[in-house]
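Visitor: Give me a 3D structure for the following:
(one chain, ligands or ions: 1)
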Amino acid sequence: MLTMIAAIGVLTAAAGGADARPAPKQGQLRRFTYQRCTSETLEAVSRLLGVSQTDLEKWNRGSIVSTGGRKSFRKGVSRVIYYSRTAFPRESVGRPSSGTLVGGMNLDCDGDDRGQGWVVSVDRSNLYGTPETIRNIYNAAKRYRAYFRDRGLKFVPLSIGDISRPSGGPLPPHVSHQSGRDVDVGIILKSGNASGRFLHANPSNMDPLRTWVMLKSFIDTSDVRYIFIHRGLADALKTYISKIYARQRPLLRKYLGAFAPDGVIRPDAEHSSHVHIRFRCPKGDRRCVE
Ligand SMILES: [Zn+2]
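Guide: I've put the predicted structure just below:
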């Protein structure tokens, strides 16, 4: 009899909890979004996140389909909702020249070598970065593309080269590119860059408008720490922007600031076929070292 009363008590409590919130045992859990590569299966995502496929299905109604009794993500689904105590770890660790990358995100998730405003360069081998790096590249490329679309000008997509390996670490021949915060982007030539190739540029064959709009699109993400570019090209771009912003003083001041000794643009003797862009440490990545 006592057992029965106790059991009724439990049932009542459970029913009260269910009225207030679904799944009371999720009280300790938090809601997260996992950015899925469209090649990742339901089984793979379930394993990666440490949650059951049944739970994934419950949390992502409408995103999962069943064909012949087999469950899979609906075509094109990239955002996966899940509940957990902690988020799937993604982190930039250490310095770009000696660090690692935890849970690297793939720039070219769908494997078609292109996205909005960019193509993958044939001169690359690894395209994994922090979520912030990947988002900044997507945003910069969209902004870059919009500039030409809005003005009805010929568009040449950005050539994206190496970022980092899936777990970071050494990526020869680069010294850095080890912690998911560095990306190489081809300098744009007046002749265009067929197949996204990185080609040697000099002040005469560089397309100053397209190269500048590319740099500006990255600078405007506000997440860039450094842009390494050959000194001759940096000087040519500085002269170019002094002309195009001659009547727009605030813009001139803002962008000339990028070329100042403490600015983001770092002239060197090496980067003549591509610029090397380094993003700041993502907020919250406490082991990341600038
Ligand atoms: Zn580089």
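Visitor: Outline the domain layout of this structure.
Guide: Domain assignment for the chain by automatic domain parsing gives 28-88, 92-279.
Visitor: How far off centre is the helix or strand encompassing residue 58?
Guide: Assigned by DSSP states H and E, residue 58 belongs to helix 53-59. Mean-position distance between helix 53-59 and its chain equals 27 Å (C-alpha atoms, centre = their mean, to the nearest Å).
Visitor: and the next element down the chain from it?
Guide: strand 64-67.
Visitor: Same list (the domains of the chain) but as a markdown table, adding mean pLDDT.
Guide: Listed next are the domains of the chain as a markdown table, based on pLDDT from 0 to 100:
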| stretch | mean pLDDT |
| --- | --- |
| domain 28-88 | 92 |
| domain 92-279 | 95 |
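Visitor: Please identify the most buried of those.
Guide: Most buried of the domains of the chain by mean neighbour count (mean count of other C-beta atoms under 10 Å) is domain 92-279; its value is a mean of 18. Every C-beta, even on glycine, is put in place using the N, C-alpha and C of the backbone.
Visitor: Start and end of that one, how far apart?
Guide: 11 Å (C-alpha to C-alpha, to the nearest Å).
Visitor: so who does residue 98 touch?
Guide: residue 178 (C-beta atoms under 8 Å, 6 or more residues apart in numbering).
Visitor: quick one: what helix or strand has it in it?
Guide: Assigned by DSSP H and E, residue 98 falls within no helix or strand.
Visitor: ok, now how distant is it from residue 168?
Guide: Distance of residue 98 to residue 168, computed by C-beta to C-beta, to the nearest Å: 10 Å.
Visitor: Then residue 288?
Guide: Applying C-beta to C-beta, the value for residue 288 to residue 168 is 11 Å.
Visitor: next one: residue 161
Guide: As judged by C-beta to C-beta, residue 161 and residue 168 stand 16 Å apart.
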